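K.L.:
Need coordinates for the below:
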Amino acid sequence: MVKVLVSDNLADDGIAALKEAGIEVDLKPGLSEDELCDIIGEYDGLIVRSQTEVNPTVIERADRLRVIGRAGVGIDNVNLDAATRRGIIVMNTPGGNTVATAEHTLSLMLGLARNVAEAHMSVEDGKWERKKFTGTELFGKTLGILGLGRVGGEVAKRARAFDMRLIAYDPLVAERRAQNLDVELTSLENVLRSADYLTLHMPLTNETRGFVNKERIAMMKKGARLINCARGGLVDEDALAEALESGHLAGAGLDVYGTEPPTNSPLVKAPNVTHTPHLAASTNEAQRSVAVEIARQVAEALLSGTVRNAVNMPQLEGADLNEMQPYLGLAEQLGRFQSQIARGKASAIQVRFEGELPISQLGPITVGILKGFMESKLGGAVNYVNAPLLAKENGIDVVETKSSPTLNYAHLVAVKIVTDAGEQEVGGTIFGTDDARLVLIDGYRIDAVPEGAMLVIYNEDKPKIIGPLGMLLGDAGINIANMTLGRKKMGGQAITVLNLDAPISEEHLTEIRKIPNINDARLVVF
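P.N.:
The predicted model follows:
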């Protein structure tokens with residue numbers, strides 16, 4: 001039975017969704033690293049929130065683990081490199097707490113603008129300091145948004161209701177999205193210098209860690225306010241505390257910190273800061289939403305192979321997966337073919353798409369080629385998660401190109417392998433809806449089915465080759481299932497491809513190579 005460990009507290013509806021799918025569930029929050037390592041080998045799936053640290057040591061002990069699900073957006077508590085190398089799918093729930101986080105961002109903005117927390121404590125102390133807590137309006141102010149993804153977009157929609165001017169910096173967002181949100185997409189420097197309120201909605205990566213540093217804070221206008229409901233590591237906390245102490249910044253609303261709880265952070269005692277203990281996603285609605293969503297995603301991945309919201313592999317679902325399936329099969333066969341027929345150590349795999357393929361995504365096809373190639377080279381434990389990483393670690397550069405059709409096929413997938421011994425190219429296509437064919441080998445036109453055992457012969461285009469070849473295979477008890485011939489000109493170099501009912505031995509290959517006018521013979525097993 002498929003088993004899933006839930007190592008952080010998860011809404012009851014999420015646990016129920018896993019059980020309804022027929023999965024055995026163990027809820028064990030609060031495990032130490034040693035305790036987690038002792039039991040993780042028993043599970044096919046692991047669901048966490050932000051407390052469990054899924055580090056390389058844990059992953060190394062996870063012999064059965066196929067999926068790690070994060071009930072939330074950030075995955076900085078999961079070592080993505082280690083999981084990817086082991087072929088473990090890592091997925092999150094990017095949409096489940098979007099509204100909750102956006103609303104919390106606005107609540108901190110309003111709280112800062114109107115001194116809500118300080119005024120509340122003043123009244124609790126028996127004071128009535130109306131003048132002291134005179135606030136400022138959001139109306140007409142400029143909101144700078146760093147990161148215009150899901151949450152950043154929802155913040156923009158809500159800030160528009162306050163008649164704020166909206167500007168954003170996001171190098172990955174298309175201009176059309178910004179226009180649809182009525183947001184001006186501009187440079188980072190312009191956002192920093194113009195914003196009255198700066199809100200962060202970026203992932204925490206090696207590139208974004210410490211993104212809001214001393215130099216960038218110095219670029220912000222005097223009296224600006226900073227809001228961070230994304231990830232604490234985005235901000236240099238010492239630099240922010242210094243800017244608040246000096247009065248360069250008028251305030252900060254912080255829900256996240258570099259270390260949580262932020263016991264030793266200088267921001268805890270800094271002036272004009274509104275603190276919340278990582279509450280942005282903590283609404284009843286959001287917690288139920290992410291729990292049910294991650295439960296369903298993990299169940300689908302483990303039980304049917306459908307993957308949604310993976311952060312370390314191409315993702316396909318529903319109709320897209322059905323349309324893609326024949327091309328993924330072809331891609332893997334092209335990769336396997338090249339791994340067995342190409343000579344020398346590979347340094348590059350060049351994938352060329354000719355014509356208009358009747359599918360919306362081409363990236364997964366390239367990954368399928370890498371999977372077939374690396375699986376044939378390395379054996380098992382290669383999948384769509386780790387194939388690109390394994391190729392990179394083996395010094396293989398991967399290049400994709402698109403072009404118009406050069407042959408009489410509506411679409412073609414061609415794979416060229418560059419090695420220290422030369423280059424080898426093979427092309428394939430799909431006839432009808434799911435009939436995969438090899439149609440090109442090193443410029444020779446053929447028509448072969450990529451399955452079973454395939455004998456590829458490079459020969460002179462001369463008589464008296466097929467007879468001796470057939471006799472040799474017959475004596476070996478090997479039946480020919482299909483044969484195709486390709487040549488560029490009469491009497492020149494040619495290629496002969498045979499589908500065999502069974503593989504032949506290396507000794508038989510050696511004998512085939514001795515047949516007059518046969519230059520080389522290679523066996524490919526799919």
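K.L.:
ok now do residue 72, which residues does it touch?
P.N.:
49, 50, 92, 93, 96, 97, 281, 290 (CB atoms under 8 Å, 6 or more residues apart in numbering). The C-beta positions use only the backbone N, C-alpha and C, and glycine is treated the same way.
K.L.:
farthest-separated two in these?
P.N.:
Spanning the widest gap among those are 50 and 96, at 13.6 Å by CB to CB.
K.L.:
which one of those two has more residues nearby?
P.N.:
Taking neighbours as other CB atoms under 10 Å, residue 50 and residue 96 compare with residue 96 leading, 24 against 17.
K.L.:
surely the more buried one meets residue 289?
P.N.:
Yes. Applying CB atoms under 8 Å, one finds residue 96 in contact with residue 289, separated by 4.2 Å.
K.L.:
The nearest residue to residue 160 once chain neighbours are set aside: what's it in contact with?
P.N.:
Leaving aside its chain neighbours, residue 160 sits nearest to residue 182 (6.2 Å; criterion: CB to CB, 6 or more residues apart in numbering). The neighbours of residue 182, taking CB under 8 Å, 6+ apart as the test, are 156, 160, 166.
K.L.:
Just the buried residues from those residues, in ChimeraX please.
P.N.:
Of those, the buried ones can be selected in ChimeraX as follows, counting by 16 or more other CB atoms under 10 Å:
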select :156,166
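K.L.:
List just the nearest of the contacts of residue 182 to residue 130.
P.N.:
residue 160 (30.3 Å).
K.L.:
Is it correct that the closest one is in contact with residue 180?
P.N.:
No. Residue 160 lies out of contact with residue 180 (CB under 8 Å); the separation is 11.8 Å.
K.L.:
Now the longest helix seen in the chain - C-alpha only, CSV.
P.N.:
Assignment by DSSP state H gives helix 318-341 as the longest helix of the chain. Coordinates of the C-alpha atoms in helix 318-341 are reproduced here as CSV (Å, rounded to 0.1, in the frame of the first residue of the first chain):
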residue,chain,number,x,y,z
GLY,A,318,-5.2,16.3,-18.4
ALA,A,319,-5.6,16.9,-22.1
ASP,A,320,-2.0,18.1,-22.4
LEU,A,321,-0.7,14.9,-21.0
ASN,A,322,-2.8,12.8,-23.4
GLU,A,323,-1.6,14.7,-26.4
MET,A,324,2.0,14.7,-25.3
GLN,A,325,2.2,11.0,-24.4
PRO,A,326,3.1,9.7,-28.0
TYR,A,327,5.8,12.4,-28.3
LEU,A,328,7.3,11.6,-24.9
GLY,A,329,7.5,7.9,-25.9
LEU,A,330,9.2,8.9,-29.2
ALA,A,331,11.6,11.3,-27.3
GLU,A,332,12.7,8.5,-24.9
GLN,A,333,13.3,6.1,-27.9
LEU,A,334,15.3,8.8,-29.7
GLY,A,335,17.5,9.2,-26.6
ARG,A,336,17.9,5.5,-26.1
PHE,A,337,18.8,5.1,-29.8
GLN,A,338,21.5,7.8,-29.7
SER,A,339,23.0,6.5,-26.4
GLN,A,340,23.7,3.1,-28.0
ILE,A,341,24.7,4.0,-31.5
